[in-house]
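Participant: got a structure for you, letters missing:
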C-alpha cells in the first residue's frame with residue numbers, strides 16, 4: 001500500500017539480525033517478507049486467471065487483505081434510444097459521494113428480494129478534498145417542474161434541444177430559462193458535465209439571513225476534570241487554536257460556560273477584561289445576562305478571551321465538588337444559541353450526577369456484559385428531548401468525554417445528543433494527561449479548525465419506481481427521505497435504504513441528493529450529488545454488481561440505528577450471520593452447481609462474511625468491567641457516523657510485520673511516495689514467535705511484541721534491555737538513533753497524518769499473560785480469523801454455523 005509521504009529517512013538501513021537460530025530474518029532484507037509469506041500455504045485468488053470460475057468456495061478460501069483492494073464492479077450505463085447530448089459524467093466522482101450497494105439495480109422488488117443483498121446508498125456529502133466540486137455562482141438553478149430534481153448530466157434533450165426530459169420522473173421541461181450561452185451544449189453548463197456541483201443559493205432558498213458561526217465551549221470544572229489535567233489541557237488547546245477557528249469576514253462568535261454543581265458564565269469587554277457570573281440554583285434554566293452579552297465576536301473580543309483563558313486554571317484550581325450538572329449546563333448553552341444557532345462543544349471528564357440528565361450509577365453495577373449497551377431510560381428521555389429542542393434553532397453538539405481509570409461515563413446515553421444533532425463524539429477511556437494530552441489536543445484542535453456545512457437540510461430523490469425506505473446516521477429525521485443536520489462534519493457518512501415500488505421500465509435510474517447548507521463564510525449553497533446506475537432483469541448481474549464495502553457499511557449503520565432495542569450479543573451475532581447465510585442461500589439458487597454442503601459467493605462478495613464477523617467482534621469487544629459498556633457504545637458511535645473508508649478500516653484492521661520489513665518500507669521512494677508494509681491476514685497463525693507486529697484499526701495501533709523477541713530488537717525499538725523489562729500499555733516510542741526505530745516511527749507518523757481527525761493511540765502489547773487481560777483481549781479480537789475467549793467464533797466456526805443454518809432448512 002502506498003500513500004503520500006511525511007518526512008522520512010531516505011537512506012538504506014544497516015542490516016541487523018532480529019531473529020534467533022539458523023533461520024535468520026533481517027529487517028531490510030528483501031527476502032525477509034518472502035520468508036514470512038511462505039511459511040503458511042495460501043491458495044491463489046480465484047479470478048487471477050481467465051480459467052478460474054467467478055465464485056469463491058468460502059469454506060476452502062481464507063480471506064486476504066488484498067481482496068479488499070480489488071477494483072469495484074464497473075458501472076455500465078445503457079443509454080437508449082440514443083446517448084445524452086452531453087458526455088457521460090465522471091462515475092468515479094459520483095460514487096465517491098454516493099456509493100451504491102448494487103451497481104446494477106434490479107428491475108423489480110421480487111428480483112431484488114431474491115438476491116438478499118441490500119439496495120441502498122452510502123452518502124458522504126462533505127469529503128475532505130473539495131477542490132473537485134465546481135461552484136455555480138450565476139444564480140441560475142434549473143429544476144424539474146414536476147419532481148423538483150435539479151438539472152444533471154443524465155437528462156435527455158428533446159425537440160431539437162428546446163426541452164429536456166427529467167432523468168428522475170421523465171417529465172419534459174422547457175429550456176427557455178437558461179441564459180448562460182447560446183446553446184444547450186455550452187460549456188458553462190457545469191451541472192450537465194459534473195455529477196457533483198454546488199449552486200450559490202438564491203433568496204428563495206433562504207428563510208433567514210445566514211447566521212454567523214457560533215461556538216459555546218461547555219467546560220467541566222469538577223474535581224475529576226481538574227485533578228486529571230483534562231481541564232488545563234482543554235484551555236491550552238483552545239488558546240493555541242484561536243487562529244484556526246473558521247472566522248471568515250470576522251463573523252465568528254464564542255462563549256464560555258464552566259460547570260460543576262453550579263454554572264459559571266463570563267461577560268467579556270473590549271478592555272481585555274471579563275466578569276464571572278455564577279448560578280447555583282439549577283431547578284430552572286436561566287441566563288444571568290442576555291445571550292448577546294455572553295456570546296461575543298471572536299475578533300473584537302480576542303484580548304478579553306485570551307485574558308480569560310489565561311486566568312481560568314487559577315480560578316478553578318481548587319475544585320469543591322466531584323459532581324457535575326451536565327443537563328442544566330447543556331440547557332444554558334442552548335439558551336445562548338437560541339437565536340443564532342451554532343455549535344456546543346462539551347468537554348467533560350466526570351459523568352453527570354446532579355439535576356436533570358443525571359445517570360444512575362448504581363444501575364451500572366447490574367449491567368449485563370453479555371448484552372449490547374443501551375441508554376438509561378430516565379436520563380435518555382432528557383437527552384433525547386434536549387437534542388430535539390436543538391433542531392429548530394440549528395444547534396449541534398460535539399462531545400469530548402474523558403474518564404478516569406475504569407470509570408463508567410454513560411456514553412450510550414450521552415451520545416444520543418450528538419447523534420440527533422449531527423455532532424461528533426470522542427471518547428478517552430482511562431484518561432492520563434501524561435499519555436493522552438497530545439492525542440486529545442490534536443483531535444480537539446482539528447475539530448476546532450474543521451470547516452463544516454451549517455444549517456443543513458438533506459433530501460434524497462430517486463427515479464420513478466424507487467423510493468427511500470429509511471435513512472441511518474447522525475441527523476434528525478423529518479421524513480424518510482429528508483433530514484435536518486445543524487452541521488455536516490467532514491467525512492461523516494449516512495446510509496440510505498431503498499425499495500423498488502414498481503417495475504423499472506427505463507434502462508437507467510438516477511439518484512440525486514441535495515444538501516442545502518450555509519458555508520463557514522456565511523454563503524447559502526446547494527450541493528447536488530448525482531449518480532446513474534443501469535437496471536437489470538438478470539439475477540447474475542445483480543450479484544456481479546454488488547459492492548461489498550458499501551453493502552457492509554449499510555448493514556452496519558442499520559445495525560446500530562437508535563430505534564432498535566439492545567440485544568444479547570449472541571442474538572446480534574446470529575443476526576449478522578443471517579445476513580451472510582441469506583446471501584449464500586440466494587446465490588445457491590443462481591449457481592446450480594453449489595451443493596448443500598458448500599458455501600459460495602461471487603468473487604466481489606467474498607469478503608462479506610469476514611467483514612460481518614469483524615463487525616461483531618468490535619461490537620462485542622472486551623474491556624474492563626466498569627468501562628465495557630462505554631467501549632462498546634463507542635463502537636456503535638463509530639458505526640453510525642464514520643466514513644466508509646474509516647469504518648471498513650475499523651472492522652478489518654491492517655496488520656504489518658515490522659521485524660522483517662523489505663528495504664524500501666518506511667522510506668520515501670523515488671516517486672515521492674511513502675512506502676508502507678504489505679498487510680498480513682488477520683490471524684496469529686502467520687506470526688513468528690520472535691516477531692514485532694503493528695495492528696491498526698484507525699482508532700488504536702497495537703505494537704505486539706512476541707515472547708521470543710530478541711533483546712537487540714527490544715533495545716533498538718523500545719530502548720529497554722530485554723523483553724522482561726518491557727511494559728505493556730500506552731506508549732509513544734522513544735526517539736532512538738536506530739534504523740528500525742526511525743522506520744517504525746515514520747510508519748506510525750504516516751498513518752496518523754492520513755487521519756482527518758483521530759490521532760490513533762499506540763499501545764504496546766506483550767503477547768503473553770503479563771499484559772493486562774482487557775488490553776490483550778482487545779488486541780486479539782482484531783485477529784478476526786481466530787478463536788477469542790468471550791467471542792468464541794473463529795472465522796471457520798462462523799462459516800460452519802452459517803452452513804448448518806442453511807442445511808437445517
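Facilitator: Ah, there it is. Keep in mind it's a predicted model, so treat the numbers as computed, not measured. Residues are numbered from 1 along each chain as shown.
Participant: Every contact and neighbour count from this point should use C-alpha atoms.
Facilitator: Will do.
Participant: what helix or strand does the spatially closest residue to residue 325 that is not a sequence neighbour sit in?
Facilitator: Nearest residue to residue 325, sequence neighbours excluded (CA to CA, 6 or more residues apart in numbering): residue 354, at 4.7 Å. Using DSSP states H and E, residue 354 falls within no helix or strand.
Participant: can you count the residues close to residue 715?
Facilitator: 17 (other CA atoms under 10 Å).
Participant: Hmm, residue 724 and it touching each other?
Facilitator: No. The pair residue 715 and residue 724 does not pass the contact test of CA atoms under 8 Å, sitting 11.7 Å apart.
Participant: Contacts for stretch 253-260 next, please.
Facilitator: 212-222, 263-266, 294-298, 321-326, 329, 333 (CA atoms under 8 Å, 6 or more residues apart in numbering).
Participant: Show the subsequent helix or strand relative to the strand of greatest length in the chain.
Facilitator: Ranked by residue count and defined by DSSP state E, the top strand of the chain is strand 524-536. Using DSSP H and E, the helix or strand that follows strand 524-536 in sequence is helix 539-544.
Participant: List the residues that contact residue 121.
Facilitator: 98, 99, 100, 101, 495, 496, 497, 498, 550, 554.
Participant: now it, which residues is it bridged with?
Facilitator: Beta-bridge partners recorded for residue 121 (DSSP bridges): residue 100, residue 496.
Participant: Looking at residue 477 now. What's its pLDDT?
Facilitator: The pLDDT attached to residue 477 in the predicted structure is 89.
Participant: so which strand or helix has it?
Facilitator: strand 476-479.
Participant: What of residue 512?
Facilitator: strand 508-518.
Participant: what angle separates that strand from strand 524-536?
Facilitator: Counting by axes from the mean of the first three to the mean of the last three CA atoms, to 10 degrees, strand 508-518 lies at 160 degrees to strand 524-536.
Participant: Quickly run through the sheet partners of strand 508-518, with directions.
Facilitator: By DSSP bridges, strand 508-518 pairs with strand 453-462 (antiparallel), strand 524-536 (antiparallel).
Participant: Kindly reformat those as a markdown table and extend each row with distance to residue 61, mean neighbour count and mean pLDDT.
Facilitator: Formatted as a markdown table, the strands paired with strand 508-518 follow (distance: least, CA to CA, whole Å; neighbours: other CA atoms under 10 Å; pLDDT from 0 to 100):
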| stretch | distance to residue 61 | mean neighbour count | mean pLDDT |
| --- | --- | --- | --- |
| strand 453-462 | 38 | 23 | 94 |
| strand 524-536 | 30 | 24 | 95 |
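Participant: how about the nearest residue to residue 605, chain neighbours excluded?
Facilitator: Nearest non-adjacent residue to residue 605, counting by CA to CA, 6+ apart: residue 548, 5.4 Å away.
Participant: Can you report phi and psi for the one you found?
Facilitator: phi -70, psi -30 (degrees, to the nearest 10).
Participant: Please apply the same query to residue 135.
Facilitator: Torsion angles, degrees, to the nearest 10, at residue 135: phi -110, psi 130.
Participant: Settle this for me: it is touching residue 199, isn't it.
Facilitator: Yes. Using CA under 8 Å, residue 135 is in contact with residue 199, at 5.8 Å.
Participant: Those two: which is more packed in?
Facilitator: Taking other CA under 10 Å, residue 135 and residue 199 do not tie; residue 199 has more neighbours (20 against 17).
Participant: for the stretch 251-400 of the chain, what spans make up the helices?
Facilitator: 291-294, 302-315, 326-337, 361-364, 377-389 (DSSP state H, counting those that start in this stretch).
Participant: Show me what the last one packs onto, helices and strands only.
Facilitator: If I follow you right, that is helix 377-389. helix 411-414, helix 416-420 (3 or more CA pairs under 8 Å, 6 or more residues apart in numbering; DSSP states H and E).
Participant: just how off-centre is it within its chain?
Facilitator: 24 Å (CA atoms, centre = their mean, to the nearest Å).
Participant: The first one now?
Facilitator: Centroid displacement of helix 291-294 relative to its chain, using CA atoms, centre = their mean, is 35 Å.
Participant: neighbouring contacts of it?
Facilitator: 255, 256, 265, 266, 267, 268, 335, 336, 337.
Participant: Pull the most distant pair out of those.
Facilitator: For these, with distances taken as CA to CA, the pair at the greatest spread is 268 and 335 (17.9 Å).
Participant: For these two, work out which one has more neighbours and name it.
Facilitator: Legend: neighbour count by other CA under 10 Å for residue 268 and residue 335, higher for residue 268 (23 against 19).
Participant: if I look at that one, how far off is residue 485?
Facilitator: Distance, residue 268 to residue 485, by CA to CA, to the nearest Å: 31 Å.
Participant: low pLDDT regions in the stretch 1-150 of the chain?
Facilitator: Scanning the stretch 1-150 of the chain for pLDDT under 70 picks out the ranges 1-17, 19-53, 79-89.
Participant: hmm, back to that, pLDDT and distance to residue 238 added to the contacts of helix 291-294, as JSON lines?
Facilitator: JSON lines is the format used below for the contacts of helix 291-294 (pLDDT from 0 to 100; distance: CA to CA, whole Å):
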{"residue": "255", "pLDDT": "96", "distance to residue 238": "12"}
{"residue": "256", "pLDDT": "96", "distance to residue 238": "11"}
{"residue": "265", "pLDDT": "96", "distance to residue 238": "17"}
{"residue": "266", "pLDDT": "95", "distance to residue 238": "16"}
{"residue": "267", "pLDDT": "94", "distance to residue 238": "18"}
{"residue": "268", "pLDDT": "92", "distance to residue 238": "16"}
{"residue": "335", "pLDDT": "96", "distance to residue 238": "22"}
{"residue": "336", "pLDDT": "96", "distance to residue 238": "20"}
{"residue": "337", "pLDDT": "96", "distance to residue 238": "20"}
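Participant: now, which of these sits nearest residue 239?
Facilitator: Closest approach to residue 239 among those (CA to CA): residue 256, at 12.6 Å.
Participant: which residues does that closest one form a beta bridge with?
Facilitator: residue 217.
Participant: what's the burial count for it?
Facilitator: Residue 256 has 22 nearby residues by other CA under 10 Å.
Participant: How many neighbouring residues does residue 653 have?
Facilitator: If we define neighbours as other CA under 10 Å, then residue 653 has 26 of them.
Participant: is it true that it touches residue 697?
Facilitator: Yes. Using CA under 8 Å, residue 653 makes contact with residue 697 at a distance of 4.3 Å.
Participant: joint contacts of those two?
Facilitator: Counting by CA under 8 Å, 6+ apart, nothing touches both residue 653 and residue 697.
Participant: Other residues contacting stretch 788-801?
Facilitator: Counting by CA under 8 Å, 6+ apart, residues outside stretch 788-801 touching it are 58-59, 577, 609-610, 613, 617, 620, 622, 777, 780-781, 784-787.
Participant: quick one: which of the residues you listed is nearest residue 415?
Facilitator: residue 620 (18.4 Å).
Participant: Contacts only, for the closest residue to residue 59 other than its chain neighbours.
Facilitator: Closest residue to residue 59 apart from its sequence neighbours, by CA to CA, 6+ apart: residue 599 at 6.4 Å. Residues near residue 599 by CA under 8 Å, 6+ apart: 57, 58, 59, 584, 803.
Participant: What about the residues you listed, which are in helices?
Facilitator: If you go by DSSP state H, those have 584, 803 in helices.
Participant: With neighbour count and distance to residue 502 as added columns, please give the contacts of residue 599 in TSV.
Facilitator: Below are these laid out as TSV (neighbours: other CA atoms under 10 Å; distance: CA to CA, whole Å):
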residue	neighbour count	distance to residue 502
57	16	35
58	19	35
59	16	38
584	25	26
803	20	34
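Participant: quick one: low-confidence ranges for the protein?
Facilitator: In the chain, residues with pLDDT under 70: 1-17, 19-53, 79-89, 176-188, 361-377, 562-567, 592-597, 622-626, 789-792, 809.
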